[in-house]
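1. Predicted model, plus sequence, below.
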Amino acid sequence: MKPYIKVALWISYLLFFTFSFFGPSLGGINVGSVSLFPARVFLIITWGLAAIAMILYRKQISFIKPKWQNLFLGIWLLLAVVSLVWVDNRREATRDLFILFMGLSLVGFAPVVVKKRQLLDWVANVWPAVFLFFVGFGIFEHLTGWHLPISRFSQGYQPHLAFRPTGVFVNENNLAVFLNLSIPFALARLRYFKSIRSRIILSLGLFLAVYLLFVTGSRINYAVLILSFLVYALLLTARGKKLRTLGILSLLLISTWLVFGVISPSLYNYNVQGIEDIGDSLEPSTSENSISIRVNLIRNGLWSVAQTKGLGIGAGNFEIWVEKNSLFSTRGILNPHNWWIELVSEYGVVIGIGYLSFYLSLLWSAWQGWRKNQRRDKWIPEALCLALVIFPFAAFSPSSTLEFYPHWLLLAVAFAWQQLPQKAGEQNAHPDDFTPLSLEN
């Protein structure tokens, strides 16, 4: 394959990857009923370049045998298309189908384009850079009360919570999940990269991220943060340093909570009340609280699976189905708020099992990479291990994880890592030693 095609495809995918963090928040060009925001533009360009490469070099490509993971991604998309036959609302299904196509493209292209460790370092380093930018913007939102048009607070909704940040997302829960998935990348960079300037910046970013996470008021993400610190200290830290690491992270957690109480007493009291309400919501007498609504959404989702004989109700139709056919009251809340139920109820049991197998294979590869690599080479698998471990719990927070692009970005980095050839001498090289875009055949 010609080097210039490789370079163009690599740059296009890197921009596709980077702009996917921002989703539709940057605005776009309306083409009929579709908005072409930057990530979608580079999705089209990436597929266009890939198509050109496949046409020009089809003889070389014909000898490539796809892995079972690639086949699963293709089958998932195919079954989603087939589900258009039986869905209740084809417009919503088509919309979600395009979102699924974009997410699967992020994941599927990763090992195709990112074939070398130096390229994966470039892609993975985008995450902490975007993390720091989002933290800075979140602090700006918190101090000023100003939000992007995509935010639910930009229209004056719940003005008493206007100083909660939402970042580039619709609501604060999604920002909290992003922060939780990003903290592993910050912790790994802090551990393995010794530059004083970068460590100061990352340490400040980590403190502010924990602070912002408290400001969001996302209670489930408080628990996810604690789980993240426990896993990091007890499972991803060398013997003899576990208690010290746990003590430092506990101090960070407690001190940030106290600072939050001093700086934002009204939000602090609101969050404390919300935490106290968890105990009340578990009592049987209160059947219309937020936790019981989430439980009923799960029950409705499982009922839909049973009703469709495990095939699923089809892409993008969870809300439609719950509105028309639900057995259990959700008080008008129709979003699944649970990725696992969203996945199985819409795409069926086969895709649910396939996704779980795919996910576990990524976690296993990251864990093996963390065990076998040394020094700086451990930072990517370490960040992936921690992020992948906490994701199943964080996935209970977004109203719809399908539209939460950091989920797909995490899978993309993990998939690229899994398929990365571990050649002799490559594992021991440092990211700083590589020349960017040194593409070879």
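-> Okay, I see it. If you're wondering where the values come from, they're calculated on a predicted model, not measured in any experiment.

2. contacts, neighbours, all on C-alpha from now
-> OK.

3. which SS class is Ser35?
-> strand (DSSP: H, G, I helix; E, B strand; the rest coil).

4. Check what pLDDT it gets.
-> For Ser35, the pLDDT comes out at 78.

5. Just list the residues touching it, thanks.
-> Gly27, Gly28, Ile29 (CA atoms under 8 Å, 6 or more residues apart in numbering).

6. Show me what it bridges to in the sheet.
-> In this entry, Ser35 is beta-bridged to Asn30, by DSSP bridges.

7. Can you give me the distance of it to Tyr270?
-> Distance, Ser35 to Tyr270, by CA to CA, to the nearest Å: 37 Å.

8. How about Leu143?
-> 17 Å.

9. Kindly report the same for Phe396.
-> For Phe396, the distance to Tyr270 - CA to CA - is 21 Å.

10. OK, contacts around Asn18?
-> Residue 18: Thr, not Asn. Thr18 neighbours (CA under 8 Å, 6+ apart): Ala39, Val126.

11. Tell me how far the strand or helix carrying it lies from the chain's centre.
-> Secondary structure assigned from DSSP states H and E places Thr18 in helix 3-20. Distance of helix 3-20 from the chain centroid (CA atoms, centre = their mean, to the nearest Å) equals 20 Å.

12. Looking at Phe396 and Tyr270, which is more packed in?
-> With neighbours defined as other CA atoms under 10 Å, Phe396 and Tyr270 compare such that Phe396 has more, 21 against 14.

13. helix/strand/coil for that one?
-> Per three-state DSSP, Phe396 ends up coil.

14. From Val82, how far out is the closest residue to it other than its chain neighbours?
-> Using CA to CA, 6 or more residues apart in numbering and skipping residues adjacent in sequence, the residue nearest Phe396 is Asn338, 4.4 Å away. Remark: distance between Asn338 and Val82 (CA to CA) = 23 Å.

15. Of those two, which one has the most company?
-> Between Asn338 and Val82, counted using other CA under 10 Å, the more crowded position is Asn338 (23 against 13).

16. Please identify the buried residues of stretch 40-60?
-> Neighbour-count burial for stretch 40-60 flags Arg40, Val41, Phe42, Leu43, Ile45, Thr46, Trp47, Leu49, Ala50, Ala53 (criterion: 16 or more other CA atoms under 10 Å).

17. just the residues you listed now: which is nearest Leu212?
-> Arg40 (28.9 Å; CA to CA).

18. Could I get the phi/psi values of that closest one?
-> phi -70, psi -30 (degrees, to the nearest 10).

19. Check it and give its pLDDT.
-> The predicted local confidence for Arg40 is 94.

20. lowest average confidence, helix or strand, in the chain?
-> Least confident helix or strand, the chain: helix 58-61 with a mean of 62, by mean pLDDT, DSSP states H and E.

21. hey, where'd the helices end up in the stretch 251-400 of the chain?
-> Secondary structure of the stretch 251-400 of the chain (DSSP state H, counting those that start in this stretch): helices located at 265-281, 290-307, 318-325, 339-372, 379-394.

22. Which strands and helices lie in contact with the second one?
-> Packing contacts for helix 290-307, counted by 3 or more CA pairs under 8 Å, 6 or more residues apart in numbering; DSSP states H and E, involve helix 265-281, helix 318-325, helix 339-372.

23. Mean pLDDT and distance to Phe153 for the helices of the stretch 251-400 of the chain - can I get that in JSON lines?
-> What follows is the helices of the stretch 251-400 of the chain, written out as JSON lines (pLDDT from 0 to 100; distance: least, CA to CA, whole Å):
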{"stretch": "helix 265-281", "mean pLDDT": "73", "distance to Phe153": "15"}
{"stretch": "helix 290-307", "mean pLDDT": "88", "distance to Phe153": "20"}
{"stretch": "helix 318-325", "mean pLDDT": "90", "distance to Phe153": "23"}
{"stretch": "helix 339-372", "mean pLDDT": "96", "distance to Phe153": "24"}
{"stretch": "helix 379-394", "mean pLDDT": "96", "distance to Phe153": "22"}
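
24. Which of those sits closest to Ile226?
-> Using CA to CA, the nearest of those to Ile226 is helix 379-394, at 10.0 Å.

25. after the closest one comes which helix or strand?
-> Taking DSSP H and E, what comes next after helix 379-394 is helix 405-419.

26. just the buried residues of stretch 40-60 now: which is nearest Asn171?
-> Distance to Asn171 across the buried residues of stretch 40-60 (CA to CA) is lowest for Arg40, with 21.5 Å.

27. so who does the closest one touch?
-> Phe16, Met102.

28. chain center to stretch 342-354, what's the gap?
-> With CA atoms, centre = their mean, you get 18 Å for stretch 342-354.

29. residues of that stretch that come out buried?
-> Glu342, Leu343, Val344, Ser345, Glu346, Tyr347, Gly348, Val349, Val350, Ile351, Gly352, Gly354.

30. Can I get that stretch as CSV, trimmed to CA atoms?
-> What follows is stretch 342-354, C-alpha atoms only, in CSV (Å, rounded to 0.1, in the frame of the first residue of the first chain):
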residue,chain,number,x,y,z
GLU,A,342,-30.3,-1.4,26.4
LEU,A,343,-28.0,-3.8,24.5
VAL,A,344,-29.9,-7.0,25.1
SER,A,345,-33.4,-5.6,24.8
GLU,A,346,-32.7,-3.9,21.5
TYR,A,347,-30.2,-6.2,19.8
GLY,A,348,-31.1,-9.5,21.4
VAL,A,349,-29.5,-12.2,23.5
VAL,A,350,-27.0,-13.3,20.8
ILE,A,351,-25.5,-9.8,20.5
GLY,A,352,-25.5,-9.4,24.3
ILE,A,353,-23.5,-12.6,24.8
GLY,A,354,-21.2,-11.6,21.9
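
31. Identify all contacting residues around it.
-> In contact with stretch 342-354 (CA under 8 Å, 6+ apart) are residues 72, 76, 79-80, 83, 301-302, 304-305, 310-318, 336, 340, 400.

32. Apart from its neighbours in sequence, what residue is nearest Gln418?
-> Using CA to CA, 6+ apart and skipping the chain neighbours, the partner closest in space to Gln418 is Ser365 (5.6 Å).
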